[in-house]
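# Here is a sequence with its predicted model. Questions after.
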Amino acid sequence: MGEGDEQIAIEDDPNPEKEEVIQPPQVKPTFYQLRFRFFGAQNIVPMDTKTLGLGQNKTDAYVKMEYRTTKLKTKVSVCPEGGECHWNQEFLVPAQVPIIGGRIIFKVYDEDAIKDEIIGSINYDLKDIIPDANGKEGRLNNKFDWKNIYGAPMDTSGKWADKMNHNPEVATLWKGRILVQVVAEKTEKPLLKIENIPEDNIDESRDCWQVRKYAVRCYFYGALCVPENDKKYGVSLRIADKDWTMWEPATSKKRYNRYNAIVTEDLKDEKKNSVLQYYESPYMSIDDIGTIFFYLHYKTKLSGWKRICYWKGSIKKFTDPNA
């Protein structure tokens, strides 16, 4: 420990749930130092928009976590719309085996002069990081990973929007991605602090920003039991920062809309022969893409097309086993 470093007595989950786990006194815990390395982010939704054509669409982004009464926060980095930003800072967080508690949540904010706004959050299951009681390594330990930020739709507020922004499991919108590396190191005296990432680790992370190409095949057939008779509803597929949308069905009768549309650059052009669309991103595997969303849209007179409901699921459900 250095001067000013804080040693933490580990007693419970840093993000406690309602349930408590009692550990038998004969079980001796093993302590670990977790290092959550936040290198940077890409395509964070812009929280600040141009005013009268001045300025830029951007987010003054930072990552924050709370560990009991202590808060850790990265520096603020400007992320322009469609661009990237860099923090190159790491959170040192204490943990133990056997694991007490399940997860750690990191929240992403936009810094504002009056009040900072939450954008969304990411989470980690500690069992994916810390070796178990038998010494088996966590699957994410010492690996680079693009973590998706999930939150509430941009035009919503209130209790349910807060729940979505603070809990990625119930969120309904992808809002950016963060390059993270987590390292678990056994130690007798874990600390709680923030440090700059060593240059060697920053250099090692550069390949993770390389663009990779994934093939997407999607066909919109139709929508059953839509809310109103003889109304037209749009449908869309959202994979991370990419949307494929079909605004107008070919036919709408009673509570059925038929699309028969292939995912192409222009869904209204059904004469294109290709049934493949390519999605380009820095994700290092298909599994890293995470959750995909299907939305149903309805056109209003005042505000145009609005999402009215959705379905979401892991991209693993749609992976070609022969790919």
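Looks like it came in fine.

# Every contact and neighbour count from this point should use C-alpha atoms.
OK.

# can you list contacts of stretch 50-66?
Outside stretch 50-66, the residues within contact range by Cα atoms under 8 Å, 6 or more residues apart in numbering are 14-15, 44-49, 71-81, 105-112.

# All the helices of this structure, residue numbers only.
Along the chain, the segments classed as helices by DSSP state H run 159-166, 199-205.

# one step back: give me the buried entries from the contacts of stretch 50-66.
Neighbour-count burial within those applies to 14, 44-48, 72-74, 76-81, 105-111; the criterion is 16 or more other Cα atoms under 10 Å.

# Listing request: residues of this structure with sub-threshold pLDDT.
Confidence mapping of the chain against pLDDT under 70 gives the ranges 1-27, 51-55, 99-101, 133, 263-276, 320-323.

# mind giving me the domain ranges of it?
Using automatic domain parsing, the domains assigned to the chain come out as 30-209, 214-318.

# Among the helices of the chain, which comes closest to Tyr295?
Set against Tyr295 and scored by Cα to Cα, the helices of the chain come closest in helix 159-166, at 16.5 Å.

# List the buried residues for the closest one?
Buried residues in helix 159-166, counted by 16+ other Cα under 10 Å: Ala161, Asp162, Lys163, Met164, Asn165, His166.

# tell me which of the residues you listed is nearest to Phe36?
When those are compared for distance to Phe36 (Cα to Cα), His166 wins out at 18.7 Å.

# from memory the closest one sits against Tyr109, does it?
No. At 10.8 Å, His166 and Tyr109 do not qualify as touching, with contact defined as Cα atoms under 8 Å.

# okay, and the common contacts of these two?
With contacts taken as Cα under 8 Å, 6+ apart, His166 and Tyr109 have Gly120 as neighbours in common.

# sorry, back to before: mind putting the buried residues of helix 159-166 in a markdown table, distance to Leu173 included?
Formatted as a markdown table, these follow (distance: Cα to Cα, whole Å):
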| residue | distance to Leu173 |
| --- | --- |
| Ala161 | 11 |
| Asp162 | 13 |
| Lys163 | 13 |
| Met164 | 9 |
| Asn165 | 9 |
| His166 | 13 |
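
# of all those residues, which comes closest to Asn148?
Nearest to Asn148 among these, with distances taken as Cα to Cα, is Asn165, at 12.5 Å.

# does the closest one really touch Met154, like I thought?
No. Assessed by Cα under 8 Å, Asn165 is found out of contact with Met154, at 10.4 Å.

# Quick check: neighbours shared by these two?
Listed as contacting both Asn165 and Met154 by Cα under 8 Å, 6+ apart is no residue at all.

# Spatially nearest residue to Phe220 (excluding sequence neighbours)?
Once flanking residues are discounted, Phe220 sits nearest to Ala261: 5.1 Å by Cα to Cα, 6 or more residues apart in numbering.
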